[in-house]
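**Student:** Sequence first, predicted coordinates after that:
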Amino acid sequence: MNALIALRRGVLNQIAIIRQSPLGTVGALIVLFFVIVAILAPFLAPHGAWTTLKDASGRIATLQPPSAEFWLGTTFLGRDLLSQMMWAARTTIFIGLVSGLISIVIGANVGLFSGYYGGRIDEVLMRFTDIVYGMPFLPFIIVLIALFGRSQSFVILAIVLIVWRTSARVVRAQTLALKQRQFVLAARARGCSDLRIIYRHIMPNILPLLLLYTAFNIAWSIIAEAGAAFLGFGDPEHLSWGGMLYELWISGQIRTAWWWFAFPSVAIISLVSALVFISRAYEEVANPRLRQR
Amino acid sequence: MLLELDNLCVSYATRAGPVHAVEGVKLDVGENEVLGLAGESGCGKTTLIRSLLRLLPKGAGVSADRLAWKGHDLAPLSDRDFRRRIMWNEISLVPQSAQASLNPVYRVGDQIIEAIEEHADMTPAAAKARVAELFDLVGLEPGLISAYPHEFSGGMRQRAMIAMALVLDPALVIMDEPTTGLDVLVQERIIRKVRELREISGNSILLITHDISVIAEMSDRIAIMYGGQIMEVAAAIDMFEEPVHPYTLGLKNAFPSIKQIGKPLISIPGSPPSLLGGVAGCPFAPRCPFAVERCRSERPVLKEIAPGHTAACHRSGEAEFMRARASEKQTWQFSKSAA
């Protein structure tokens, strides 16, 4: 019961933080829109993602511009773009969310342990982070896909292995500063274990930063997934917005079918921007200097 | 005796070599006693108590001939057992700058309850009641239990930290600079409160401060520390009436006396020694107007001068002479030119 009340208070607090910033509110509404569409895609989408549609005369409805019948037009193979957009939103948001969350968990833990323990642990973890910093994303995912095949889990794995690095460094820097604070020594004096100090005393103090980087990591994961899918490294069974652009590219219609090109791109841009807007609202909490005077 | 220390040494390994922050300290705290430990900033007071409580950073080396609590040697105890059994149940700490010692994201009451949870089996309700009891004892309103640290003033935070230290009724409370950073009126209130609490509970207090007036007001016995070593230990009255060590004499000069308003203060020339690589003789010798050749080569040990009064000075036999000369300003100026 107490946990429920705490959860409710936590959620309300987050909403209050985002609402303080007009940009954050806009971002939250955009994200909410896409999330609802993604969840309700099975009910909202007029057609399947891979259904080939025919027009009144019985011919395949290929490359139809937006019309009353096909709101967002159709693809080269006569598939409804609106339905594809909705189904693809599921993949994009799922991969973005899962990779973003896993990467913040890894990044936060690496940063916390590295910063708190220092010494050899710090040295090992941070040199490892440096190595990851040296790895370019696309060649890395190409090698990974070449080795294991085009499956969704390996796309997520590839994204996570790259995206966690920034959050690890930032969290480490904050931990280094916080562990010098008097209340950490006081906690140690009253008998708190290292783990308790890390998770109960240091982590709550960097929570705004963690939320900020969660939003960032999700945004980066979506961009990474779109990039990989556009190059043809997405899971062929799960259409994403980047995957739609890949199909456009291989169909050779990129100069003529503007709608096929415009809608997925605009969706990627607006979802990523919306996440950046939200992170901006958190950044104002983490870094009060950004607040408007 | 509650706490006995003999020949306690703490050194830090640095790139320039070992720093002997605490050297050969012999000290004990009796039951129901307030022992004041005084010295300049950087003389090793805080390092001394942190070594005792195992709160030193990695890279600090601690050794002692004897380190005992209630007659039991503490050395064989693992860090974990020490934290569980000794800390807070037996010895608690009001840390330096207690005002910054509360975690800003938790309610003050919850942080005190955390201290209880780590060390005692108490139901949440009992723990809560105990916190309320202590808030009452230190003079904080019960409504403040669920307030956050930023809602407290400096003096209130200090009292909350004292409440936290007393929560399991330990035999010894170590207070590291409990009044530093507070204005004199709040200082006075805190001091009065601590005295009051001591009368109720009968705990011993190890009081660490550089403020001689606080020490004078609260302590039964006083230990003077300089350059990582104990210079002089005596009952509070003896320390002020019949100090022996030249450093104590100098300290006494440097504090304003209410009986001699307007009289210029005499300060000790020079600055505390670098503890890098250790000091051969008496650490105070370079600043001491009474230093002789022996002081620079041979380290003085604590010798009993009168019952319960010890000093580490080669010339402690000439106390009368030094006391007379130390109140003259030229004595210390001579030392400045020598240094």
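**Tutor:** On my side now, so go ahead. This one's a predicted model, so the numbers in the text were calculated from it and none came from an experiment.
**Student:** A:Leu93 and A:Ile36 touch, don't they?
**Tutor:** Let me fix one detail, which is that residue A:93 is Ile and not Leu. No. Using C-beta atoms under 8 Å, A:Ile93 and A:Ile36 do not qualify as a contacting pair, with a distance of 10.5 Å. Yep, even glycine has a C-beta here, placed from its N, CA and C like the rest.
**Student:** higher neighbour count, those two?
**Tutor:** For the pair A:Ile93 and A:Ile36, the greater number of neighbours falls to A:Ile93 (22 against 12), based on other C-beta atoms under 10 Å in any protein chain shown.
**Student:** Got phi/psi on that one?
**Tutor:** Torsion angles at A:Ile93 (phi, psi; degrees, to the nearest 10) stand at phi -70, psi -40.
**Student:** Once you drop chain neighbours, what's closest to it?
**Tutor:** Using C-beta to C-beta, 6 or more residues apart in numbering or on different chains and skipping the chain neighbours, the partner closest in space to A:Ile93 is A:Ala38 (4.8 Å).
**Student:** Over to B:Gln187?
**Tutor:** Using C-beta to C-beta, 6+ apart, the nearest residue to B:Gln187 is B:Thr179, at 4.2 Å.
**Student:** how many other residues sit next to the one you found?
**Tutor:** 25.
**Student:** Looks to me like it is in a helix.
**Tutor:** No. With DSSP: H, G, I helix; E, B strand; the rest coil as the criterion, B:Thr179 is coil rather than part of a helix.
**Student:** Verify the stated contact: it with B:His210.
**Tutor:** No. When contacts are counted by C-beta under 8 Å, B:Thr179 is not listed as touching B:His210 (10.6 Å).
**Student:** Hmm, the residue nearest to A:Ile93 is touching A:Ala88, no?
**Tutor:** No. If you go by C-beta under 8 Å, A:Ala38 and A:Ala88 don't touch, sitting 9.0 Å apart.
**Student:** picking that back up, the residue nearest to A:Ile93: which element?
**Tutor:** Secondary-structure assignment from DSSP states H and E places A:Ala38 in helix A:22-44.
**Student:** now that helix: mean pLDDT?
**Tutor:** For helix A:22-44, mean pLDDT rounds to 92.
**Student:** which secondary structure elements does it contact?
**Tutor:** The criterion is 3 or more C-beta pairs under 8 Å, 6 or more residues apart in numbering or on different chains; DSSP states H and E, and the helices and strands that helix A:22-44 contacts are helix A:2-20, helix A:81-117, helix A:258-286.
**Student:** any idea which of these is most buried?
**Tutor:** Mean neighbour counts were taken over those using mean count of other C-beta atoms under 10 Å in any protein chain shown, and the top value, a mean of 23, falls to helix A:81-117.
**Student:** packing partners for that helix?
**Tutor:** helix A:22-44, helix A:119-133, helix A:152-179, helix A:207-230, helix A:241-251, helix A:258-286.
**Student:** mind giving me the domain split of chain B?
**Tutor:** Following the assignment in automatic domain parsing, chain B carries domains at B:3-219, B:242-338.
**Student:** Tabulate the ones you listed (CSV), appending distance to A:Arg19 and mean pLDDT.
**Tutor:** Written out in CSV, the entries for the domains of chain B read as follows (distance: least, C-beta to C-beta, whole Å; pLDDT from 0 to 100):
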stretch, distance to A:Arg19, mean pLDDT
domain B:3-219, 21, 89
domain B:242-338, 55, 82
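**Student:** Show me what from the stretch 51-200 of chain A comes close to chain B.
**Tutor:** Taking C-beta under 8 Å from any C-beta of the partner chain as the criterion, the neighbours of chain B within the stretch 51-200 of chain A are A:Gly119, A:Arg181, A:Gln182, A:Phe183, A:Leu185, A:Ala186, A:Ala187, A:Arg188, A:Ala189, A:Arg190, A:Gly191, A:Cys192.
**Student:** Understood, closing this out.
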